[in-house]
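Trainee: Predicted model and sequence below, questions to follow.
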Amino acid sequence: MLYKRWLDVVRAHPDRFALWDGVAGRRYTFNELAQRAGDQPTADGPIRFVRGTGAGFILSVLAAWRDRQMLVPLEGGQPEPAISTPPGVGIVHLKTTSATAGAARMIAFTAGQLAADCENVVTTMGLDPALPNVGAISLTHSYGFSNLVLPLLLKGVPLLLADSALPESVRVAIDQAEAVAVPSVPALWRAWHDAGILSRRIRLGISAGAPLPLALEQEVFEAAGIKIHNFYGSSECGGIAYDDTLVPRREPAQAGRPMRNVALEINEAGCVVVRSQAVGQGYWPEPDPVLANGVFQSGDLGELIDGALHLRGRASDCINVAGRKVNPEDVERVLCSHPGIRDCVVFGVPSDTPRNETIVACLVAGVEVSTRALSDFLQTRLPAWQVPRDWWRVEVLDTSPRGKRSRADWRQRYLQGRQG
């Protein structure tokens, strides 16, 4: 199904520009890309593990579709999972979760589910063959695969692949077309904005993978005239919600409205439940009822207000303070509104009192900002019991290659440092 859809795209637009590979500095038409893909050697076995960032990754995907192999994209250095046999009839793709809520596991997808996610992304965001995508995020992760690879191969949306996510490399990729779309993550948007490479050539800016700070959204809008659209999705089901407004949001919790062909509800635990044809077949090798029969029951707390989804953090991240629950994202949003705070992450650690936690704020802040001043700042904006009791300054709050920041990882680093 997927390879046939690709051939239909090639037949419809054989001589139109399809791909620019920044590593090789080479451009391909759809016909040239199809010829290169056809020359790929046939691999043995039912599974193809694929890594890479350039045209080679795209060609490997097409070869897997051509040879009816199950595709397993992997990050560089990620070991190949042990798969003795494919996980079921009709499964063509295995994704790896980002592991921000626990151990990574595999998610199985049919061709129809991948195609449905691509359709939802393209129609909701208005991706168009006349507006090439700039690729600076991982192609192997669900976000990059759904927003860059599938629109190219199933919808004919051209792709400009930067040779890295560094500002100069991205600027060169942007300059390959008069107008472009750029899906990225908050950390990269911040780096590119600080480097001054953002221009009005970017007609569509998209941010996913982590919460998009309101301050960054506003700064980019004022400096470059670019509205960054917040995008909320999950490896298990693809796109969930999208902010299609034309001006910066006023409410940081607002994720956007449901994607086209996606239905959302909030369950009794307050978590977001997703129903669509793009929802994966299930976890593999161990199934879980939270992902089955076209329904994904996420661990993200949320509310539906006037048709828009507002996220309230993760159920697993809530901090227990004297029997009351603190959403760390609420504290982070207030902290980041302080002019001296560049970035922060908030988490709970065990305290001396049973079944009680201490709130810790990990900060990237100016040296002139004292913790006493920050505490006083928060006291006027939050209930006293939500104000952090411990403060940890760091040089940078790094993220994974997927743009994810693991609160559990930073909690573990803090505890290890305190023990040492």
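Mentor: Arrived safely.
Trainee: give me the number of residues near Glu32?
Mentor: 17 (other CB atoms under 10 Å). Placement of C-beta: from N, CA and C, glycine included.
Trainee: Can you pull out the low-pLDDT segments for the protein?
Mentor: When residues are selected by pLDDT under 70, those of the chain lie in 84-86, 98-104, 354-355, 400-404, 419-420.
Trainee: go with 50
Mentor: The model of the chain has pLDDT under 50 over residues 100-102.
Trainee: Show me it divided up by domain.
Mentor: The chain breaks down into these domains under automatic domain parsing: 2-314, 318-419.
Trainee: Span of the first one from start to end?
Mentor: Distance across domain 2-314, first residue to last, is 35 Å (CA to CA, to the nearest Å).
Trainee: hey, where'd the helices end up in the protein?
Mentor: Assigned by DSSP state H, the chain shows helices spanning 2-12, 30-38, 55-66, 111-125, 142-144, 150-155, 167-174, 186-195, 214-224, 328-336, 371-379, 407-419.
Trainee: Single out the most deeply packed of those.
Mentor: Burial of the helices of the chain is given as mean neighbour count (mean count of other CB atoms under 10 Å); helix 142-144 ranks first at a mean of 26.
Trainee: distance between that helix and the chain's centre?
Mentor: 6 Å (CA atoms, centre = their mean, to the nearest Å).
Trainee: Output the contacting helices and strands for that helix.
Mentor: strand 228-234 (3 or more CB pairs under 8 Å, 6 or more residues apart in numbering; DSSP states H and E).
Trainee: so what's the closest residue to Arg342 other than its chain neighbours up against?
Mentor: Closest residue to Arg342 apart from its sequence neighbours, by CB to CB, 6 or more residues apart in numbering: Val364 at 4.2 Å. Val364 makes contact with 341-344, 393-397, according to CB atoms under 8 Å, 6 or more residues apart in numbering.
Trainee: Asn267: how many residues sit nearby?
Mentor: Asn267: 11 surrounding residues under other CB under 10 Å.
Trainee: roughly how far apart are it and Glu32?
Mentor: Going from Asn267 to Glu32 by CB to CB, to the nearest Å gives 49 Å.
Trainee: try Thr380
Mentor: In terms of CB to CB, Thr380 sits 62 Å off from Glu32.
Trainee: Check Lys155 too.
Mentor: For Lys155, the distance to Glu32 - CB to CB - is 18 Å.
Trainee: ok, for Asp343, nearest residue in space, not its chain neighbours?
Mentor: That would be Val364: by CB to CB, 6+ apart, it lies 4.2 Å from Asp343.
Trainee: Same question for Arg275.
Mentor: Residue nearest to Arg275 in three dimensions, not counting chain neighbours: Ala263, with 4.4 Å by CB to CB, 6+ apart.
Trainee: how close does Gly22 get to Arg249?
Mentor: Here the criterion is CB to CB. By it, Gly22 lies 32 Å from Arg249.
Trainee: Of the domains of the chain, flag the one that's most buried.
Mentor: domain 2-314 (a mean of 19).
Trainee: what bridges to the closest residue to Cys318 other than its chain neighbours?
Mentor: With sequence-adjacent residues excluded and distances taken as CB to CB, 6+ apart, Cys318 is closest to Lys325, at 4.6 Å. Beta-bridge pairing for Lys325 (DSSP bridges): Asn320.
Trainee: Make residue 1 into 123 and carry on from there
Mentor: With 123 as the first residue, the last one maps to Lys447.
Trainee: Val396 and Ser329, how far apart?
Mentor: According to CB to CB, Val396 stands 20 Å off from Ser329.
Trainee: who touches Asn383 in this structure?
Mentor: 238, 241-242, 245, 398-400.
Trainee: 7 Å instead?
Mentor: By CB atoms under 7 Å, 6 or more residues apart in numbering, the residues touching Asn383 are 242, 398-399.
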